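Engineer: Fold the following and give me the result.
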Amino acid sequence: MAGRWKKAGDEVKRLITPGVIEDFLRIIRPYISEETGVIEDQLRRDRIWHYPVEAVREVIVNALAHRDWTRSVDIEVSVYSDRLEVISPGAFQNSMTVEKMIAGQRAPRNPLVVEVLKDYGYVDARGMGIRTKVIPLMRRQNRTEPLFEATDDFLKTTLFRGPTKPSES
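Structural biologist: Residues are numbered from 1 along each chain as shown. I've put the predicted structure just below:
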């Protein structure tokens with residue numbers, strides 16, 4: 001599930017074996033970005049991202065960390081011409097609501113999964129990713145608000161495609 005990283009001394013950590021999250025981002029990349037006709041200084045084409053990559057990553061990590069693992073239903077990711085949707089199986093626990101989630105209230109459904117994701121550097125376990133990453137990044141890059149829809153069966157997160165700009169990475 002998690003990628004393996006190696007860090008020796010003062011080196012920057014390097015991905016040795018990709019995990020589910022890295023594989024997902026590699027597979028979905030052609031559907032959420034495109035190359036421009038512009039060649040940059042290193043003779044590579046600029047890339048335009050239709051969604052902030054960190055926001056997409058956060059939504060996927062949240063779907064893995066907080067889904068109801070007792071249900072034999074997959075996490076569903078759909079890319080349309082104007083939006084990306086991620087459906088995570090399971091209702092909110094106890095009194096959690098979309099409003100409380102946006103405000104940063106924590107209610108981890110799977111604390112062990114969250115701890116593993118924390119140990120591998122995918123989350124910081126503060127429960128603030130929607131509030132501090134997804135919403136501000138979507139506002140900044142796409143000038144849109146993410147939509148969160150909770151039912152008794154799932155949480156659907158919709159990221160809307162907005163104006164694009166070349167990537168800086």
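
Engineer: which sections of the chain are below the confidence cut-off?
Structural biologist: 1-2, 4-5, 8, 10, 125, 163-169 (pLDDT under 70).

Engineer: the helices in it, which residues?
Structural biologist: Along the chain, counting by DSSP state H, helices occupy 20-32, 53-66, 98-103, 111-119, 129, 135-142.

Engineer: what packs against the helix or strand just after the fourth one?
Structural biologist: Scanning forward in sequence from helix 111-119 by DSSP states H and E, the next helix or strand is helix 129. Using 3 or more CB pairs under 8 Å, 6 or more residues apart in numbering; DSSP states H and E as the contact criterion, the neighbours of helix 129 among helices and strands are helix 53-66. Quick note: C-beta positions are derived from backbone N, CA and C, even for glycine.

Engineer: Columns distance to residue 87 and mean neighbour count on top of the helices of the chain, output as TSV?
Structural biologist: Formatted as TSV, the helices of the chain follow (distance: least, CB to CB, whole Å; neighbours: other CB atoms under 10 Å):
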stretch	distance to residue 87	mean neighbour count
helix 20-32	14	14
helix 53-66	8	21
helix 98-103	14	14
helix 111-119	18	14
helix 129	18	21
helix 135-142	18	16
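
Engineer: Just tell me which of the ones you listed ends up closest to residue 150.
Structural biologist: helix 98-103 (5.3 Å; CB to CB).

Engineer: Nice, that's everything, thank you.
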